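Enquirer: For reference, the sequence and a predicted model appear below.
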Amino acid sequence: MIGLVDGNNFFVSCERVFDPSLEGKPVAVLSNNDGCCVSRSNEFKAMGIAMGTPYFQLRPYIQSYGLVLRSSNYELYGDLSRRIMETLGYFSPKVEQYSIDEAFIHPQLPDGANWEDFGRRIRSTILQWVGIPCGIGFAPTKTLAKIANHIGKKLPSGVFVMPDDRGEVLSKVPVDDVWGVGRRVAPKLQRMGIRTALDLARRNDVDMLHRFNVQMQRTVLELQGVKCIEEENPDELSKSITCSRSFGHPVTDFNDLAESVAAYAAKAAEKLRKEGQFASGANVYFSLYPEYGNKALDGGFTSTTVVFDVPLDDTGRIIAALSPKLRSIFIPGRRYKKSGVIFFGLEAADSPRQMDMFQTKEPRKSKLYQAVDVVNHYLGKGTVFTLAEGIQRPWQMKREHLTPCYTTRWNELLQVK
């Protein structure tokens, strides 16, 4: 059996862990730059407010409806997610994190074990240790576990075990709710008379391969109870590493753009070191707003590619290599909405490499920034950083309703009075 553990209204639940006064209130967490709702409490959903509703449409109703809105606190959510994954490790030898709030688990229970009791034990432990309510579904395959989880989240116990005879369960699941069936594909299936998960499970997998693709064939087989989606290897190294953000307001100053690139390069370099990898180079880009004045100008991107003299994981040397190239992609007078850094040509620190016969340097792990990573781990992110990343950072994304990072910053620890 495979289990899928999913945090209920995860971002909202994270906010409620440290602010119990939010219980029972209509709460929503906003996207980057406080754009729109990306997580809603059950009370918020009951008011008929759809996912993705823009903040400006909600603003007039905050007081009259008692709405509580919070900015996305990814540092807090990421830390609580990590704690959930560590807790799951006590119950399963394999924990396969699928997203920030979801994980597939592969428990090894003896024959005849009570899976529902096992799921309840996991759920109560996560609630006690981390404070996040979860839904748990068990089934023979990942696709079926997704369906079981969706059902379990609506039950008082929070747990659902897919029965051996699953025809009745699948007959109640619309085909567009099946994992692996996209919005574009669902209408095609419905025109073929496939309206439920059971209808899809009864189709011939080879026929669906020819009509659609291998993904559809795997979905059919998974619904039939045949494992087709392989486990991801948690030790597999990244092929590229990206860090980018939208700005809190249109940016026109070159120095602000340069600061953002340095900050994103530092964040990506930290991940490089965490994986024990070096980057051979980086793509840097700026995203432009369209202009509608006297002279209309299209939006778009300006970008440049920088190849390092030697593969690097050193934040300072990476920033030093990128900074001189930024002027070439800066267009004065334009408004910028986003910047980003993409590291490419990644290679493990211990992998064999063919050196250039004229190359006098070779990749070396940065001891300085390894020490910086340790300091930031224990004292909070951003405790030590390069001056090139800026101090005020006026370009950062807008988060007017941001709560403290209770678990990762010493100066933001919860105070009990």
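Expert: Right, received. Where do you want to start? It should be emphasised that the depicted structure is a prediction, and the values quoted were computed from it without experimental measurement. Numbering: from 1, shown residues only.
Enquirer: how about the strands in the stretch 1-150 of the chain?
Expert: In the stretch 1-150 of the chain, strands defined by DSSP state E, counting those that start in this stretch lie at 2-7, 27-30, 37-40, 68-70, 95-99, 102-105, 134-139, listed in chain order.
Enquirer: what helices or strands is the second one leaning on?
Expert: In terms of contacts (3 or more CB pairs under 8 Å, 6 or more residues apart in numbering; DSSP states H and E), strand 27-30 is packed against helix 10-18, strand 37-40, helix 42-46, strand 68-70. For the C-beta atoms, the positions are set from N, CA and C on the backbone; glycine is no exception.
Enquirer: So what are the sheet partners of that strand and their directions?
Expert: Paired neighbours of strand 27-30 in the sheet (DSSP bridges): strand 37-40 (antiparallel), strand 68-70 (parallel).
Enquirer: Quick check: chain neighbours aside, which residue is closest to Ala279?
Expert: Residue nearest to Ala279 in three dimensions, not counting chain neighbours: Phe343, with 3.8 Å by CB to CB, 6 or more residues apart in numbering.
Enquirer: distance of the one you found from Ser303?
Expert: When CB to CB, to the nearest Å is the yardstick, Phe343 and Ser303 sit 14 Å from each other.
Enquirer: quick one, which of those two is more surrounded?
Expert: Neighbours per residue (other CB atoms under 10 Å) separate Phe343 from Ser303, with Phe343 holding more: 28 against 14.
Enquirer: Which residue or residues pair with that one through a beta bridge?
Expert: Assessed by DSSP bridges, Phe343 has beta-bridge partners Ile241, Ala282.
Enquirer: Isn't it up against Ala268?
Expert: Yes: at 5.6 Å, Phe343 and Ala268 qualify as touching, with contact defined as CB atoms under 8 Å.
Enquirer: anything in contact with each of these two?
Expert: The contact sets of Phe343 and Ala268 overlap at Ile241, Thr242 (CB atoms under 8 Å, 6 or more residues apart in numbering).
Enquirer: thinking again about what came up before, in CSV: the helices and strands packed on strand 27-30, plus mean pLDDT, distance to Asp111 and mean neighbour count.
Expert: What follows is the helices and strands packed on strand 27-30, written out as CSV (pLDDT from 0 to 100; distance: least, CB to CB, whole Å; neighbours: other CB atoms under 10 Å):
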stretch, mean pLDDT, distance to Asp111, mean neighbour count
helix 10-18, 95, 34, 22
strand 37-40, 93, 39, 21
helix 42-46, 94, 37, 16
strand 68-70, 95, 46, 20
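Enquirer: For Gln190, find the nearest of those.
Expert: Shortest separation from Gln190 across those is recorded for helix 42-46, at 25.8 Å, computed as CB to CB.
Enquirer: which residues touch that closest one?
Expert: If you take CB under 8 Å, 6+ apart as the criterion, helix 42-46 is touched by Asn9, Val12, Gly24, Lys25, Pro26, Val27, Ala28, Cys37, Leu67.
Enquirer: Serialize those residues to JSON lines and add fields for distance to Leu387.
Expert: Supplementary listing: the contacts of helix 42-46 in JSON lines, determined by distance: CB to CB, whole Å:
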{"residue": "Asn9", "distance to Leu387": "40"}
{"residue": "Val12", "distance to Leu387": "37"}
{"residue": "Gly24", "distance to Leu387": "46"}
{"residue": "Lys25", "distance to Leu387": "42"}
{"residue": "Pro26", "distance to Leu387": "43"}
{"residue": "Val27", "distance to Leu387": "38"}
{"residue": "Ala28", "distance to Leu387": "37"}
{"residue": "Cys37", "distance to Leu387": "37"}
{"residue": "Leu67", "distance to Leu387": "40"}
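Enquirer: And those residues, which two are furthest apart?
Expert: Checking the contacts of helix 42-46 against each other with CB to CB, the farthest-apart pair comes out as Gly24 and Cys37, at 18.4 Å.
Enquirer: rewinding a little: gap between the residue nearest to Ala279 and Arg273?
Expert: Phe343 sits 12 Å away from Arg273, taking CB to CB as the criterion.
Enquirer: got it, and Thr408?
Expert: Thr408 sits 18 Å away from Arg273, going by CB to CB.
Enquirer: Kindly report the same for Asp253.
Expert: Using CB to CB, one obtains 30 Å as the distance from Asp253 to Arg273.
Enquirer: Please say which of the two ends up with more neighbours.
Expert: Set Asp253 next to Arg273 and count neighbours by other CB under 10 Å: Arg273 wins out with 19 against 12.
Enquirer: Phe344 against Phe278, yeah?
Expert: No: using CB under 8 Å as the test, Phe344 is too far from Phe278 to be in contact (11.4 Å).
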